[in-house]
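J.: Provide a 3D model corresponding to the input given below.
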Amino acid sequence: MELWPASITAGNVRFWQVILRFIPAILGAYALDGLLAPVQGMIGKMLDMLPDVFAAAVIGFAGWRVAKVLRGLVVNLLAVSGANEANQKAGRLLSAPWQWPWRCRSDCAAARPRASSWNTG
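T.: Numbers count the residues shown, from 1 in each chain. As a prediction, the model looks like this:
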């Protein structure tokens, strides 16, 4: 999937906003009431959704900020409590899955990474 730059996306959105804004005026000028009513209904529904979209954006932003603050608190709390050292000890013990006794059977040698895949740092 190809991602477009934000400027192209914003330009396309603005283009379609202008088109949808002027379609009712064009249809009204030609007295095409059969086509005008559904278009006006669609635009009305889109405009009715704008407050909900704005509220969702505000709630999402506030949630993101709260999550960042809580992440910082948890990280600092775990650092102060010494969880980093415990994690490093556990990481050394569990970093090699072929050494896990409950998983190691006759196929341990096949699960062990080759020397070329080790991170030499």
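J.: pLDDT weak spots in this protein?
T.: 1, 90-121 (pLDDT under 70).
J.: any chance you could map the helices in it?
T.: Along the chain, the segments classed as helices by DSSP state H run 6-29, 33-81, 83-94, 108-111.
J.: Throw those into a markdown table and include mean neighbour count, thanks.
T.: In this view, the C-beta of every residue, glycine as well, is placed from N, C-alpha and C. Below are the helices of the chain laid out as a markdown table (neighbours: other Cβ atoms under 10 Å):
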| stretch | mean neighbour count |
| --- | --- |
| helix 6-29 | 11 |
| helix 33-81 | 11 |
| helix 83-94 | 11 |
| helix 108-111 | 10 |
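J.: contact partners of stretch 17-26?
T.: Stretch 17-26 is touched from outside by 36, 39, 40, 42, 43, 46, with contacts defined as Cβ atoms under 8 Å, 6 or more residues apart in numbering.
J.: which ones are touching the residue lying closest to the first one once chain neighbours are set aside?
T.: Across the structure, with Cβ to Cβ, 6 or more residues apart in numbering as the measure, the residue nearest residue 36 apart from its sequence neighbours is residue 27 (4.3 Å). Going by Cβ under 8 Å, 6+ apart, residue 27 touches 33, 35, 36, 39.
J.: repeat that for residue 84.
T.: residue 78.
J.: again with residue 46
T.: residue 20.
J.: how much space between it and residue 7?
T.: Computed as Cβ to Cβ, to the nearest Å, the residue 46 to residue 7 distance reads 23 Å.
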